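Trainee: Predicted model and sequence follow; I will ask about them next.
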Amino acid sequence: MTKPSLKFVSCPTGAVTTQATTNPPVLHQMGYWEWNATGNPAHPHVVVCVHGLSRQGRDFDVLARALSQHARVVCPDVVGRGTSDWLPDPMAYQIPQYTSDMLYLLAQVHQQAPIQTLDWVGTSMGGLIGLGVLGTPGLPLPVPVRRLVLNDVGPVIQWQALQRIGSYLGKFGVFANLQEAADALRVISSGFGPHTPQQWLELSRYMVKPVGEGVTLHYDPAIAVPFGGATQESAAQGEAVLWQLYDAIQAQTLLVRGAQSDLLTRETAQAMGQRGPRASLVEFEGVGHAPTFVADDQVQAVTRFLIGA
């Protein structure tokens, strides 16, 4: 069975949001998982898969294993999560820093082996980072992104969903073992839809790290600090910026939606099909926020769009 290799890229901390005050700049390490079963270590097609707010890059194992037959698949642990460093300033845990980090990641991947075709898959926060990468003019991308998959996210994010996420984000302790942690994660992740016990255990395996005689969640609790500062008014103001980014996207776009999503409404999804890149929409019944790309039909929908297989 194909397994990924863990690599790291050095990224400037606060390079986008603040003027540099140190020379050289303070750096942090971002880990990323690279999959490649093509037989060509320098395969020119790269698919970047970016996870949601409190998740990590191994969320994409099932999808990445399928895509890796046709492309190099790169799944970063966004800073503050998984194998990546934690930032000293919690307020840096925002889209500008994440977007900057992705540019350094793409530059390194391109330097190691030139990228000729570039695609992006973004779940929730990973989709918002994608809007920043694809919708901001003049960014130094190795090549333009050809195809974009937005997984259950768009320019309009429902306030009730943000309140639900805020109710648990950064609030966790120590679990006796992986199974206990997986059970707790399942309670707050009902929107992920049906999974077998084994599928859920695999989804949870990289969500924890050892601590003492037990395990705890992988991410820096401080990622909740900027999130907790959001208000209904600031969220509404952000919509205009996100629509501007979305409207600037040139890539062919597929919008994946959980039919019972509380974060991405049907109305927003339909609007996204009428403007900007005019996203095609596929919905999965029995799933809320967000599809996990574990079920065969979800994997096939993305694989068909990106690979045509």
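Mentor: Yes, it's here. Values in this document were obtained by computation on a predicted structure and should not be read as measured data.

Trainee: Which parts of the chain are strands?
Mentor: Along the chain, counting by DSSP state E, strands occupy 5-12, 27-35, 45-50, 72-76, 117-123, 145-151, 174-175, 208-211, 214-217, 252-258, 280-284.

Trainee: would you turn these into CSV with distance to P90 and mean neighbour count?
Mentor: (C-beta placed from N, C-alpha, C; glycine too.) Compiled in CSV, the strands of the chain are given as follows (distance: least, CB to CB, whole Å; neighbours: other CB atoms under 10 Å):
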stretch, distance to P90, mean neighbour count
strand 5-12, 17, 16
strand 27-35, 13, 21
strand 45-50, 20, 26
strand 72-76, 20, 27
strand 117-123, 22, 24
strand 145-151, 26, 24
strand 174-175, 21, 16
strand 208-211, 19, 13
strand 214-217, 16, 19
strand 252-258, 29, 24
strand 280-284, 34, 16
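
Trainee: Relative to Q274, which of those is closest?
Mentor: Nearest to Q274, of all the strands of the chain, is strand 280-284, at 10.8 Å by CB to CB.

Trainee: The closest one pairs with which strands?
Mentor: Strand pairing for strand 280-284, using DSSP bridges, gives strand 252-258 (parallel).

Trainee: Restrict the partner strand to CA atoms and write it as CSV.
Mentor: What follows is strand 252-258, C-alpha atoms only, in CSV (Å, rounded to 0.1, in the frame of the first residue of the first chain):
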residue,chain,number,x,y,z
GLN,A,252,-12.2,25.4,-13.4
THR,A,253,-14.0,24.9,-10.1
LEU,A,254,-15.9,22.0,-8.5
LEU,A,255,-18.0,22.8,-5.4
VAL,A,256,-18.6,19.9,-3.1
ARG,A,257,-21.4,20.3,-0.5
GLY,A,258,-22.8,18.1,2.2
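
Trainee: Can I get the strands of the chain in CSV including distance to A182?
Mentor: CSV is the format used below for these (distance: least, CB to CB, whole Å):
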stretch, distance to A182
strand 5-12, 22
strand 27-35, 20
strand 45-50, 22
strand 72-76, 20
strand 117-123, 19
strand 145-151, 22
strand 174-175, 9
strand 208-211, 8
strand 214-217, 10
strand 252-258, 20
strand 280-284, 22
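
Trainee: mind checking which of these is nearest P137?
Mentor: Closest to P137 of the strands of the chain is strand 145-151 (CB to CB; 13.2 Å).

Trainee: now the strands of the chain as TSV including distance to V241 and mean pLDDT?
Mentor: Converted to TSV, these look like this (distance: least, CB to CB, whole Å; pLDDT from 0 to 100):
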stretch	distance to V241	mean pLDDT
strand 5-12	23	98
strand 27-35	24	98
strand 45-50	19	99
strand 72-76	23	99
strand 117-123	17	98
strand 145-151	16	98
strand 174-175	38	96
strand 208-211	34	96
strand 214-217	30	97
strand 252-258	18	98
strand 280-284	23	98
